[in-house]
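[1] sharing a sequence plus its predicted fold:
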Number of protein chains: 2
Amino acid sequence: MARILNIASAQMGPIARSETRKDVVQRLLALMRQAKARGSDLVVFPELALTTFFPRWFMTDQEEIDSFFERAMPGEDTAILFETAVRLGIGFYLGYAELDLSEGRARRFNTAILVDKTGVIVGKYRKIHLPGHAEHEPKRAFQHLEKRYFEPGDLGFPVWRTFGGIFGMCICNDRRWPETYRVMGLQGVEVVMLGYNTPVGHTGYPDVDGLSHFHNHLSMQAGAYQNSTWVIGTAKCGIEEGSLMIGQSAIIAPSGEIVATSLTLEDEVIAAACDLDFGRRYSETIFNFARHREPSNYGLIVERKGAIPPPA
Amino acid sequence: MARILNIASAQMGPIARSETRKDVVQRLLALMRQAKARGSDLVVFPELALTTFFPRWFMTDQEEIDSFFERAMPGEDTAILFETAVRLGIGFYLGYAELDLSEGRARRFNTAILVDKTGVIVGKYRKIHLPGHAEHEPKRAFQHLEKRYFEPGDLGFPVWRTFGGIFGMCICNDRRWPETYRVMGLQGVEVVMLGYNTPVGHTGYPDVDGLSHFHNHLSMQAGAYQNSTWVIGTAKCGIEEGSLMIGQSAIIAPSGEIVATSLTLEDEVIAAACDLDFGRRYSETIFNFARHREPSNYGLIVERKGAIPPPA
């Protein structure tokens, strides 16, 4: 008996700094309705889907910085997303900047939540692999100050039983790190959802930057194949406040094959019927971890953070 | 100052069971000469390059099994490989079945060695991720009895400073596991060499088997990109004793790009000028491990062998 779940990826074009939360939420609602009209049970929105990608700017005024963060979820402007999802009977993954005051100090995370069809937040993930830098680097056309504005996530890479399967989340740069998928794979993940904002021209090497699209799909395809999982990757993309970000949102099968991909750099919904049992032909053969992994040889992965070459 | 090393991948077509070691070594010598004629400093031969891929047969006669193994390296029939390499001034990676009696019992490994231009074995690797099964499975057209005939390697994933760079080795199925590359990446590896014998039709799922070529390149490209390393993958391929094995030998840059690939299922040399510094544009930016990895979140990778789904 196949367990088919219809999943949509709702890519977003650029969000201008001048757009209000209300404006953005209206776009999310339009995408959610499109996803539902295509039979989707679940729609995956991008990373930081409620605002422009603000880590591109160096800011020192904490009030200005915090204007990009959510203090509550749902909040005043986002409640309608939850209400509409319940009414339509569709779940969603949403990325946003989270300001958490629950521990007696302000903590800021790059966060994603998974909301089920009853409007309940069934999972929360806080981005672990923060890219970029913490200090102002004036020579850059655009900053990438995620290490300044966010703390690394403190919730690990959990998975959740929901939507009839086992679901995990990650965000943007997490997708380039095989550890991300593996930690979820070792919990039997069947669907990894992730949103991203990926500016082109970040490394300073034109040849590296020119491969952004290739690297995007390569990372997600390898993660899917090597962990027998679906991967749903959703971009915010296009030229946002002068900065070009890649699109190429994709629904990737446990075979590593791309079964749907976006074509534009605009708001665009793609969807696929995902058989949550499809991964078994991999997880029970080539990637039967219990039979084939050899963890006693993997120690360095946790013992060492940076690379240490052998003595010269 | 670029550190350019010319590296060849010397793919082999099928080796018949009736071919003697002497016959096979003559083929290796011809390939070595071709590699040298193309300016190569180092040539990578396949896994189990001295015999047919014998794990496809269930055998119980230990003497018959051991006829596929080498008791010494170099041995009587392989000494000429070392001598010719010294004369030509070329190094090589060679895969073979190793029968080791040094610890008072017979131990059998799927082994690869790295030999420098002076004929010295500078590195030895024993295959860690043994695929297939240990018991006879009569329903299979061809067995895959690596778990029967070999022990898992006991040498870890070391790297070696040689040929002006940092070199690592793995073998065949190791290349599908991101842990393989990562453990070497954490030691600053610049070139990962690997040989493979990859029969088609192994999983029992025609759709999986039909993607063998895609999965071969996907795994090596992701390993290269995510660890800022060159990967040299060399097949033994073609229809060997009735069993079809994939070719598609490849030289892959730290960008994940394939810079050379074989076109046939026969003995064939491909070569590339590999800048060993090319990986720095990745290892010093996106994949600067010391800046961006978060090992405290990777514990499951070593704590757990098989996948354990959350409670239902």
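    Alright, I've got the coordinates. Numbers count the residues shown, from 1 in each chain, chains lettered A, B, ... in the order given.
[2] now do the contacts for A:Leu114.
    Shown here is A:Leu114, whose contacts under the criterion C-beta atoms under 8 Å, 6 or more residues apart in numbering or on different chains are A:91-93, A:121-125, A:160, A:162, A:167, A:169, A:193. (C-beta placed from N, C-alpha, C; glycine too.)
[3] most neighbours among those residues, which one?
    Neighbour counts for those were taken using other C-beta atoms under 10 Å in any protein chain shown; the highest belongs to A:Met169, which has 31 neighbours.
[4] what's the closest non-adjacent residue to it?
    A:Tyr125 (3.9 Å; C-beta to C-beta, 6 or more residues apart in numbering or on different chains).
[5] ok, the one you found touching A:Val159?
    No: here A:Tyr125 lies out of contact with A:Val159, judged by C-beta atoms under 8 Å, at a distance of 10.0 Å.
[6] quick check: neighbours shared by these two?
    A:Gly168.
[7] related to what we said a few turns ago, now intersect the contacts of A:Leu114 with the strands, please.
    Using DSSP state E to define strands, the subset of these located there is A:91-93, A:121-125, A:160, A:162, A:167, A:169, A:193.
[8] which residue ranges of the stretch 201-312 of chain A form strands?
    Under the criterion DSSP state E, counting those that start in this stretch, the stretch 201-312 of chain A contains strands at A:230-236, A:238-240, A:243-245, A:250-252, A:258-261, A:268-275.
[9] so which bits of the stretch 51-200 of chain A are right by chain B?
    In this structure, the stretch 51-200 of chain A approaches chain B at residues A:128-131, A:152, A:156-157, A:159-161, A:166, A:173, A:176-179, A:182-183, A:185-188, judged by C-beta under 8 Å from any C-beta of the partner chain.
[10] quick revisit: redo the strands of the stretch 201-312 of chain A as CSV? Include distance to chain B.
    Putting those into CSV (distance: least, C-beta to the nearest C-beta, whole Å) gives the following:
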stretch, distance to chain B
strand A:230-236, 13
strand A:238-240, 20
strand A:243-245, 15
strand A:250-252, 11
strand A:258-261, 11
strand A:268-275, 12
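[11] gap between the two ends of stretch A:51-58?
    Across its full length, stretch A:51-58 reaches 16 Å end to end, with C-alpha to C-alpha, to the nearest Å as the criterion.
[12] quick one on the thing from earlier: who's in contact with the residue nearest to A:Met169?
    If you count contacts by C-beta under 8 Å, 6+ apart, A:Tyr125 has them with A:111-114, A:153, A:155, A:157-158, A:168-171.
[13] run a quick neighbour tally on the residue of the stretch 151-300 of chain A found nearest chain B.
    Per C-beta to the nearest C-beta, A:Ala290 is where the stretch 151-300 of chain A lies closest to chain B, at 2.8 Å. Residues within reach of A:Ala290, counting by other C-beta under 10 Å, total 11.
[14] cool, A:Ser102 as well?
    When neighbours are counted by other C-beta under 10 Å, A:Ser102 registers 6.
[15] mind checking how far it is from A:Phe214?
    When distance is defined by C-beta to C-beta, to the nearest Å, A:Ser102 is 41 Å away from A:Phe214.
[16] for A:Ala72, same thing?
    Relative to A:Phe214, A:Ala72 is positioned 39 Å away (criterion: C-beta to C-beta).
[17] what of A:Val44?
    Applying C-beta to C-beta, one obtains 22 Å for the distance of A:Val44 from A:Phe214.
[18] of A:Ala72 and A:Phe214, which one has the most company?
    Between A:Ala72 and A:Phe214, counted using other C-beta under 10 Å, the more crowded position is A:Phe214 (15 against 10).
[19] for the more buried one, which non-adjacent residue is spatially closest?
    The shortest distance from A:Phe214 to any residue that is not its chain neighbour, by C-beta to C-beta, 6+ apart, is 6.8 Å, and that residue is B:Gly256.
[20] how about that neighbour, what does it touch?
    Here B:Gly256 is in contact with A:211, A:214-215, A:218, B:221-222, B:224-225 (criterion: C-beta under 8 Å, 6+ apart).
[21] just the buried subset of the residues you listed, please.
    Under a neighbour-count criterion of 16 or more other C-beta atoms under 10 Å in any protein chain shown, the subset of the contacts of B:Gly256 counted as buried comprises A:211, A:215, A:218, B:221-222, B:224-225.
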